[in-house]
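1. The following comprises the amino acid sequence and a computationally predicted model.
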Amino acid sequence: MVNNNVFIQLLFLIITSSGFLFHEIIKVGSCQGDHQRGCIDTEKVALLKFKQGLTDPSGRLSSWVGEDYCKWRGVVCNNRSGHVIKLTLRHLDGDGTEGELGGKISPALLHLKYLNCLDLSMNNFGGIPIPEFIGSLEKLRYLNLSGASFGGPIPPQLGNLSSLHYLDLKEYFDESS
């Protein structure tokens, strides 16, 4: 009877501790908790690569430094997971505080697996085509490219955005096209 009792206590201890280990593995593997771990770092690198391709004459993205990218201007993260869920980089007309972004849109955005809102409206991308890879941003629910001076045809890949609820391409074409 004593051996049986010890065996049950030992078994309980093993199950309890392995549950703790399993929980910690899941926590790290799913990027919960600390913003500096695992795939969260991948999102920070993706944002920096995205910034690298842009022209930013007024320094709108000057806050894009340091470890906590959730505090960077235009970046919105999920409060619980720390994943980037929104990029709102709309150029605000008339207030004189922000300049237009331009340049190239980096495919590094594909590493933002939880991105559901992308607003690049009212910027000046100088007639470059809308990147086809935007159609691979699976969780995108909101896409605003209005008045951003993208030229060329609308890529058919945008039809792959099955979660999309809002699409704005108003004043889509560059005036010179």
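-> Perfect, I can see it now.
2. Could you pull out the buried residues of the lengthiest strand in the chain?
-> As assigned by DSSP state E, the longest strand anywhere in the chain is strand 84-88. Buried residues in strand 84-88, counted by 16 or more other CB atoms under 10 Å: 84-87. Yep, even glycine has a C-beta here, placed from its N, CA and C like the rest.
3. of all the residues you listed, which two lie farthest apart?
-> Distances among the buried residues of strand 84-88 were taken as CB to CB; the most separated pair is 85 and 87, at 8.9 Å.
4. Common neighbours of the two, please.
-> With contacts defined as CB atoms under 8 Å, 6 or more residues apart in numbering, the residues shared by residue 85 and residue 87 are 76, 115, 117.
5. Next one: the residue lying closest to residue 166 once chain neighbours are set aside, what pLDDT does it get?
-> Nearest-residue entry for residue 166: residue 142, 4.5 Å, with adjacent residues in sequence omitted and distances by CB to CB, 6 or more residues apart in numbering. pLDDT, residue 142: 98.
6. Neighbours of residue 142, how many?
-> By other CB atoms under 10 Å, 17 other residues sit near residue 142.
7. Roughly how far does it sit from residue 118?
-> 7 Å (CB to CB, to the nearest Å).
8. try residue 158
-> 12 Å.
9. more neighbours, those two?
-> Ranked by neighbour count (other CB under 10 Å), residue 158 and residue 118 place residue 118 first, with 21 against 18.
10. As a check, name the ranges of all helices in the chain.
-> For the chain, the helices defined by DSSP state H cover 2-29, 38-52.
11. Tell me where this structure has strands.
-> Secondary structure of the chain (DSSP E): strands located at 54-55, 75-77, 84-88, 102-103, 117-119, 142-144, 166-168.
12. I'd like the mean pLDDT over the fifth one, please.
-> It stands for strand 117-119. What strand 117-119 shows for mean pLDDT is 98.
13. Return the distance of that strand from the chain's centre.
-> Once both centres are worked out by CA atoms, centre = their mean, to the nearest Å, strand 117-119 turns out to sit 9 Å from its chain's centre.
14. before we move on, what about the third one?
-> Average the C-alpha atoms of strand 84-88, do the same for its chain, and the two points are 5 Å apart (CA atoms, centre = their mean).
15. Who are the contact partners of the spatially closest residue to residue 148 that is not a sequence neighbour?
-> Excluding the flanking residues, the one nearest residue 148 by CB to CB, 6+ apart is residue 123, at 4.8 Å. Shown in contact with residue 123 (CB under 8 Å, 6+ apart): 89-91, 100-102, 147-149.
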